[in-house]
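Participant: any chance you can model this:
(chains A and B)
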Amino acid sequence: MDVEKKHFTCVTCPIGCEIDVELKDGEVVSMEGTKCKKGQEFVSQELDEPMRILTTTIPIKGAKWAMLPVRTDKPIPKRLLFRAVEELTDIERRAPVKMSDVIVRDIAGTGVNIVATRSMNREKKGKFV
Amino acid sequence: MEADVTVIGSGPAGLTAALSAHESGAKEVLLLEREEELGGILKQCIHNGFGLEQFKEDYTGPEYAERLIKEIEKTNVRRLLNTMVIDLTPDRAITAVNPEKGIFQIESKSVVLAMGCRERARGSIGIPGTRPAGIYTAGVAQRFVNIDGYLPGKEIVILGSGDIGMIMARRLTLEGARVKGVYEIMNYPGGLKRNIVQCLNDFDIPLHLSHTVTEIRGKERLEGVVVSRVDKKMQPIGGSEEFIACDTLLLSVGLIPENELSKGAGIELSPITKGPTTTETMETAVAGVFSCGNVSTVFDLVDYVAQTGMTAGRNAARFATGDWKKEKPSVEVIPGENVRVLFPQRYSFQDDLILFIRSAKPIERPLSIDISPLEMHIKKLYARPNEMIRVKVPRDKLKDITESIEVNITER
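Facilitator: Numbering: from 1, shown residues only, chains lettered A, B, ... in the order given. This next block holds a predicted model:
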């Protein structure tokens, strides 16, 4: 099987090493450009399953603002980001909400929860904002 | 109204400064916020990456703000919301306005400026063409999406590769818009590398360096933009024009400190940082007026903003409580070779000197940051204008300086 070449920019720290990897049958045969061990770990995670934190918003009723910011409480596979956003399409909350309240459990089958990233009080009716 | 320390603005700089002033012994600390809640721009920065250094946590903007606000709420720091400062005099008299009090005066022993910065807009970069709807700064689009719940458009072009622009490229993609590309006039990116990877590469959004928008088309609503390649002098190259259909153009073309109050108070501004000239204590040229965060110079990381806020708050408290004496006049801190931005601009022999440096060009090889007349050479593997370098010079090394301090970046 041919040698496959891949390029990564490590985002573990601000240096941002540009890493060139050669793969044969899915196995790493060479890695160049890493300045530390964390870069190697980053590349193997990226090759195995790139993980990302998702941050987005959902509508909230009865609060000062229209949208409530939320996040995954752990990284989820990058390939599931859009599926997670889609699962949130019809989710809506009513104020009050506290920071870290769980909004959705087990998003996109990842076992990871969607949590609120701020508190929002219930606003009294008829108040101009 | 009277106060020991008055902090203007409650973003990360102001919140940290108010807390630090309180912890440093100022009895009456007053925190003034123009909007109806504390937190400033953090409220709309829903992405993570905040507080990695300060709290060793990977917070989102709202989480970072809420943590600081909870700490403020445990203190007797007096918060005035919906309160806009309209004037500051050189003797620290503040005129403010809010719905309860109308126009009122505050006499404060010291003042901390923490008003942050503003986005450069279309007028600052002079793009020719029509004036249709659909052209926003990246931060305005961020507010629409993250707080108000409006999508600004469906087919997006982003001019400028600043961090907010790249973060909005990801955000709009997740919300179902199509981001056709990010165009940057410089031959290197404006924002942090991690944002290029996580916001652009992850979503296959192309970044075109050495390109700019040379024409805007559309009558009522934006119909498209013409982009052109630019030469080394950043002039568009004839014949390289390409039309890109889009309904929205986001501008992420830089931030400038908010200087209206500073100018009114007669505070000297730095032509390099565009904010007040300050010493390592964050004191401006007007005694007892301190400045921190992005109103001083535009920082890359909230951790840096918070660090300057902490310093400003601590020293404002010292000034207010009478624990403030200057033994000798301050000296200038001068940017030398390969240094574009250097902060602070003066050293007053009271504290360690923490320098924030931006290189004039990307240098991707080993280099040394030389601080003269000290024999101090700090080795680095690279320097990039989009990544501020922070260097600490201990106070005891600086005590014999008589003239000025110069910072140079030399390639090794």
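Participant: SS state for the nearest residue to B:Pro206 once chain neighbours are set aside?
Facilitator: Using CB to CB, 6 or more residues apart in numbering or on different chains and skipping the chain neighbours, the partner closest in space to B:Pro206 is B:Gly181 (4.7 Å). Placement of C-beta: from N, CA and C, glycine included. Here B:Gly181 is recorded as strand under DSSP: H, G, I helix; E, B strand; the rest coil.
Participant: who's in contact with the spatially most central residue of chain A?
Facilitator: Nearest to the geometric centre of chain A sits A:Ile53, at 1.8 Å (CA atoms, centre = their mean). Applying CB atoms under 8 Å, 6 or more residues apart in numbering or on different chains to A:Ile53 gives the contacts A:71-72, A:74-76, B:48, B:58.
Participant: same check on A:Val104?
Facilitator: Counting by CB under 8 Å, 6+ apart, A:Val104 has contacts A:87-88, A:91, A:113-114.
Participant: try 6 Å
Facilitator: Contact analysis of A:Val104 by CB atoms under 6 Å, 6 or more residues apart in numbering or on different chains lists A:Ile114.
Participant: look up how far A:Arg118 lies from it.
Facilitator: 16 Å (CB to CB, to the nearest Å).
Participant: what backbone torsions are found at B:Glu220?
Facilitator: Per-residue torsions, B:Glu220: phi -80, psi -50 (degrees, to the nearest 10).
Participant: what number of residues lie near the closest residue to it other than its chain neighbours?
Facilitator: Closest residue to B:Glu220 apart from its sequence neighbours, by CB to CB, 6+ apart: B:Pro132 at 6.0 Å. Neighbour count of B:Pro132, defined by other CB atoms under 10 Å in any protein chain shown: 16.
Participant: ok, B:Ala177 next?
Facilitator: Neighbour number of B:Ala177 under other CB under 10 Å is 20.
Participant: so the residue nearest to B:Pro206 bridges to which residues?
Facilitator: B:Val157 (DSSP bridges).
Participant: wait, it sits on B:Leu207?
Facilitator: No - B:Gly181 sits out of contact with B:Leu207 when judged by CB atoms under 6 Å, with a separation of 7.4 Å.
Participant: what is the burial count for A:Thr56?
Facilitator: 23.
Participant: element containing it, please.
Facilitator: strand A:55-61 (DSSP states H and E).
Participant: and the residue nearest to B:Glu220, how far is that from chain A?
Facilitator: Counting by CB to the nearest CB, to the nearest Å, the gap from B:Pro132 to chain A is 26 Å.
Participant: that residue is in contact with B:Gly218, isn't it?
Facilitator: Yes - with contact defined as CB under 6 Å, B:Pro132 counts as touching B:Gly218 (3.9 Å).
Participant: and the strands in chain A?
Facilitator: A:4-9, A:18-24, A:27-32, A:51-52, A:55-61, A:67-72, A:76-77, A:93-94, A:102-104, A:114-116 (DSSP state E).
Participant: what does the domain assignment say about the chain?
Facilitator: You didn't say which chain, so I picked chain A. Following automatic domain parsing, one gets these domains for chain A: A:4-48, A:55-116.
Participant: my bad, the chain I had in mind was chain B
Facilitator: According to automatic domain parsing, the domains of chain B span B:1-119+B:255-324, B:121-253, B:330-412.
Participant: look up how far B:Ala93 lies from A:Val115.
Facilitator: Taken as CB to CB, the span from A:Val115 to B:Ala93 is 45 Å.
Participant: before we move on, what about B:Glu35?
Facilitator: 23 Å.
Participant: one step back: just send the domains of chain B back as a markdown table, with mean pLDDT too.
Facilitator: A markdown table is the format used below for the domains of chain B (pLDDT from 0 to 100):
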| stretch | mean pLDDT |
| --- | --- |
| domain B:1-119+B:255-324 | 97 |
| domain B:121-253 | 96 |
| domain B:330-412 | 95 |
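Participant: what sits against B:Met166?
Facilitator: B:191, B:195, B:199-200.
Participant: CA atoms of the helix or strand hosting it as CSV?
Facilitator: Remark: B:Met166 resides in helix B:163-174, with elements defined by DSSP H and E. These are the backbone C-alpha positions of helix B:163-174, laid out as CSV (Å, rounded to 0.1, in the frame of the first residue of the first chain):
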residue,chain,number,x,y,z
ASP,B,163,-10.0,36.2,15.7
ILE,B,164,-13.7,37.4,15.8
GLY,B,165,-14.0,37.0,12.1
MET,B,166,-12.7,33.4,12.2
ILE,B,167,-14.9,32.6,15.2
MET,B,168,-17.9,33.9,13.4
ALA,B,169,-17.0,31.9,10.3
ARG,B,170,-17.4,28.7,12.4
ARG,B,171,-20.5,30.0,14.3
LEU,B,172,-22.4,31.0,11.1
THR,B,173,-21.5,27.6,9.5
LEU,B,174,-22.9,25.7,12.5
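Participant: SS state for the closest residue in space to B:Arg131 that isn't next to it in sequence?
Facilitator: Take B:Arg131 and drop its neighbours on the chain: the residue closest to it by CB to CB, 6+ apart is B:Ile216, 7.8 Å away. Recorded secondary structure, B:Ile216: strand (three-state DSSP).
Participant: show the contacting residues for B:Ile216.
Facilitator: So B:Ile216 contacts B:127, B:129-130, B:225 (CB under 6 Å, 6+ apart).
Participant: if we go to 8 Å?
Facilitator: B:127-132, B:135, B:222, B:225, B:249.
Participant: with distance to B:Glu375 added, can I get those in CSV?
Facilitator: Below are the contacts of B:Ile216 laid out as CSV (distance: CB to CB, whole Å):
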residue, distance to B:Glu375
B:Ile127, 48
B:Pro128, 52
B:Gly129, 55
B:Thr130, 59
B:Arg131, 57
B:Pro132, 59
B:Ile135, 52
B:Leu222, 56
B:Val225, 52
B:Leu249, 51
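Participant: how about the residues of the stretch 1-150 of chain B near chain A?
Facilitator: B:36-37, B:43, B:46-48, B:58, B:60, B:62-63, B:65-66, B:145-149 (CB under 8 Å from any CB of the partner chain).
Participant: give the PyMOL command for selecting the buried subset of those residues.
Facilitator: To isolate the buried members of the residues of the stretch 1-150 of chain B next to chain A in PyMOL, using 16 or more other CB atoms under 10 Å in any protein chain shown:
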select buried, chain B and resi 37+43+46+47+48+60+62+63+65+66+145+146+147+149
